[in-house]
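J.: Sequence and predicted structure, then a few things I'm wondering about:
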Amino acid sequence: MAETRDITQANGFLLRGGVAVAFGLLVVIAPESLLRLGPPVIGLVLVFLSMMTAVIALATEPTDRERRGTFLLFILSLLAGMAVLVSTSVQDPTFFIGFAVWLFFTGIAECVLALADDLRDLQGIIAVNGILSIAFGLILLVMDIRATGPLLLTLGLFVFIHGIFSMLSGIMVRLGSGVPFD
């Protein structure tokens, strides 16, 4: 049973990370395509990432503090995705503030989550990801929302880095549980 939970959790991290890395690369390499697609696509990606976070939470032991913290991350991601979905453009303050606030609070939640004893093997990865989330959130809050290019570059870089850390977490869970990559 524990092995099945580890596999599910690791796969959730890997899938969430893979989607985030691909989306981050798309934003950095071809930001004009994201401008054409608009906030609904970004919102859908955030909603998908939040669903993967829910899968990760459900794969943890019900008694672990990790589960509560991960569910909090799920709720924050889902709310941010929904806020972005209702935005009219990337320069819409709802999009901008919603995304920055999500980054900031997600970073705080990840830093608190990194203190959980249940996550001994992942504490460093989660803490660094949390600190980066807070930093990117603060950067977005001081940016000019009319500067679409730098905004999208910042967004793409963060999602890419977040994806890498998520994939590292998945690999660590897999290796820590002794589950091979078949």
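T.: Here it is on my side, so go on. Worth saying up front: this structure is predicted, and the values here are computed from it rather than measured.

J.: Three-state assignment for residue 74, please.
T.: With DSSP: H, G, I helix; E, B strand; the rest coil as the basis, residue 74 sits in helix.

J.: so what's the residue most central in space within the chain closest to, chain neighbours aside?
T.: With distances taken as C-alpha atoms, centre = their mean, the residue of the chain nearest its centroid is residue 162 (5.7 Å). Residue nearest to residue 162 in three dimensions, not counting chain neighbours: residue 20, with 5.3 Å by C-beta to C-beta, 6 or more residues apart in numbering. The way it works is simple: take the backbone N, C-alpha and C, and place the C-beta from them, glycine included.

J.: coming back round to it: got the buried residues for the helix or strand hosting the residue nearest to the centre of the chain?
T.: Assessed by DSSP states H and E, residue 162 sits inside helix 148-177. Buried positions in helix 148-177, judged by neighbour count with 16 or more other C-beta atoms under 10 Å: 148, 151-152, 154-174.

J.: sorry, back to before: list the residues that contact the residue nearest to the centre of the chain.
T.: 17, 20, 24, 129, 132, 133 (C-beta atoms under 8 Å, 6 or more residues apart in numbering).

J.: and the helix or strand encompassing the first one, what other elements does it pack with?
T.: Using DSSP H and E, the element containing residue 17 is helix 2-29. When contacts are defined as 3 or more C-beta pairs under 8 Å, 6 or more residues apart in numbering; DSSP states H and E, helix 2-29 packs onto helix 31-37, helix 39-58, helix 148-177.

J.: can you list the ones you listed in CSV and add mean pLDDT and distance to residue 69?
T.: Output for the helices and strands packed on helix 2-29, formatted as CSV (pLDDT from 0 to 100; distance: least, C-beta to C-beta, whole Å):
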stretch, mean pLDDT, distance to residue 69
helix 31-37, 73, 30
helix 39-58, 78, 8
helix 148-177, 81, 13
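
J.: Now distance to residue 72 too, for these, in CSV please.
T.: As requested, the helices and strands packed on helix 2-29 are arranged in CSV below (distance: least, C-beta to C-beta, whole Å):
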stretch, distance to residue 72
helix 31-37, 28
helix 39-58, 9
helix 148-177, 16
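
J.: Residue 57 is in contact with residue 71, isn't it?
T.: Yes. Residue 57 is within contact range of residue 71, at 4.7 Å (criterion: C-beta atoms under 8 Å).

J.: of those two, who's got more company?
T.: residue 57 (21 against 17; other C-beta atoms under 10 Å).
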